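*Asks:* missing the sequence, but the structure's below:
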Ligand SMILES: Nc1ncnc2c1ncn2[C@@H]1O[C@H](COP(=O)(O)OP(=O)(O)OP(=O)(O)O)[C@@H](O)[C@H]1O
């Protein structure tokens, strides 16, 4: 295992449940040190993909490697930490006892670091987890995840129960920590606006397939957002339009940058990450949870 190995490499990966394919022909690479947004409508296959990284979900087709190793199903790769909305915390345990559990369960556990993270969040070690606020519980769960000293941190909507201010504060703290420690982050979220300026890589799944994946700056560069008055014909052939909508009385049309042409009455903009993802989801004709 080297530090250059991709945290996640999938080739032709697929998962079929009794109701059909949850993920199909999925090939992607999560590069090291990036903060990756994993987005897509409900049921797109995000949790299934994360489950395959942990090894708990076995592929039906293709292969997946995590830091060069095939997940065995006998426990997660030691370099991976996973946090979901259902945080694995026992309400009757104190914070100190919770961290002790982390120490017993993880060979690479860093007790001093985990305690420091809890102290920074001003959560008392003697407090029972069940008495903490949602934000405080999230900070304890993050200390538990980061105390493992992971090189890949997967977050499956872990902040969904926090109010917007707490979400922003926890996310900023977490990501500053991950950048400082060069931890790769795979962050699944429906709140596209909060991924803006935070994620530098995008994986967009739609109906179990990778629709868009890559470096955010590059993807933004490869697309254009045409803004024009309603009713005015779009200066781009219909076949090149990824998505078109009218918002607050203006037309917003997402197209590949190479197809964009200056035209009277129309302005050319670079899309933001959220606009890009939302446009692809809308353009796919599927319900969007944003
Ligand atoms: N254990 C299971 N058994 C049968 N079908 C499943 C199972 N887990 C997931 N699925 C189906 O697989 C598809 C993908 O589900 P998944 O949870 O991976 O999507 P998601 O993108 O994480 O969705 P959401 O954003 O709603 O959390 C869905 O159609 C879901 O119903």
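*Replies:* Ah, there it is. Note that the coordinates shown come from a computational prediction; the quantities given were computed from them, not determined experimentally.
*Asks:* Following element in sequence after the helix or strand containing residue 172, please.
*Replies:* Using DSSP states H and E, residue 172 maps to helix 164-181. Downstream of helix 164-181, the first helix or strand assigned by DSSP H and E is strand 184-188.
*Asks:* residues in contact with the residue positioned nearest the centre of the chain?
*Replies:* For the chain, the residue nearest the mean C-alpha position is residue 187 (2.2 Å; Cα atoms, centre = their mean). Residues counted as contacts of residue 187 (Cβ atoms under 8 Å, 6 or more residues apart in numbering) are 35-38, 155, 195, 198-199. (Glycine included, C-beta is placed from N, CA and C.)
*Asks:* rerun at 6 Å
*Replies:* Taking Cβ atoms under 6 Å, 6 or more residues apart in numbering as the contact definition, residue 187 lies against 37, 155.
*Asks:* quick one: low-confidence parts of the stretch 1-150 of the chain?
*Replies:* For the stretch 1-150 of the chain, residues meeting the criterion pLDDT under 70 lie at 1-4.
*Asks:* redo that, cut-off 80
*Replies:* Counting by pLDDT under 80, the ranges of the stretch 1-150 of the chain that qualify are 1-4, 73, 85-88.
*Asks:* related to what we said a few turns ago, mind pulling up the pLDDT for the residue nearest to the centre of the chain?
*Replies:* We have a pLDDT of 94 for residue 187.
*Asks:* now do the one 4 residues further on
*Replies:* The pLDDT attached to residue 191 in the predicted structure is 85.
*Asks:* Show me how this structure divides into domains.
*Replies:* 8-215, 218-284 (the TED database).
*Asks:* Now look at the shortest one and say if it contacts the ligand.
*Replies:* No. Under the criterion of Cβ under 6 Å from any ligand atom, domain 218-284 makes no contact with the ligand; the nearest approach is 11.4 Å.
*Asks:* I'd like to know how many residues surround the closest residue to residue 14 other than its chain neighbours.
*Replies:* Distances taken as Cβ to Cβ, 6 or more residues apart in numbering place residue 61 nearest to residue 14, at 3.5 Å, with adjacent residues excluded. Residue 61: 15 surrounding residues under other Cβ atoms under 10 Å.
*Asks:* Make sure residue 61 is actually in contact with residue 11.
*Replies:* No. With contact defined as Cβ atoms under 6 Å, residue 61 does not reach residue 11; the gap is 10.0 Å.
*Asks:* Is it correct that residue 210 is in contact with residue 23?
*Replies:* No. Checked against Cβ under 6 Å, the pair residue 210 and residue 23 is beyond contact range at 9.1 Å.
*Asks:* The two: who's more crowded?
*Replies:* A count of neighbours by other Cβ under 10 Å puts residue 23 above the other of residue 210 and residue 23, at 29 against 21.
*Asks:* next one: phi and psi at the residue nearest to the more buried one when sequence neighbours are not counted?
*Replies:* Of all residues not flanking residue 23 in the chain, residue 45 sits nearest, at 4.1 Å (Cβ to Cβ, 6+ apart). Note on residue 45: backbone dihedrals following degrees, to the nearest 10 are phi 110, psi 10.
*Asks:* same deal with residue 153?
*Replies:* According to degrees, to the nearest 10, residue 153 has phi -110, psi 120.
*Asks:* Same check on the one 4 residues further on?
*Replies:* With angles defined as degrees, to the nearest 10, residue 157 shows backbone torsions of phi 50, psi 50.
*Asks:* and residue 65, what element?
*Replies:* strand 61-66.
*Asks:* helices or strands up against that strand?
*Replies:* strand 8-17 (3 or more Cβ pairs under 6 Å, 6 or more residues apart in numbering; DSSP states H and E).
*Asks:* what comes up buried for the strand it packs on?
*Replies:* 8-10, 13-15 (16 or more other Cβ atoms under 10 Å).
*Asks:* and what of stretch 20-37?
*Replies:* For stretch 20-37, a neighbour-count test (16+ other Cβ under 10 Å) marks 21-24, 26, 28-37 as buried.
*Asks:* Out of the domains of the chain, which one sits most buried?
*Replies:* domain 8-215 (a mean of 18; mean count of other Cβ atoms under 10 Å).
*Asks:* Can you give me every residue that contacts residue 25?
*Replies:* residue 12.
*Asks:* Is it correct that it falls within a helix?
*Replies:* No. Counting by DSSP: H, G, I helix; E, B strand; the rest coil, residue 25 is not part of a helix but strand.
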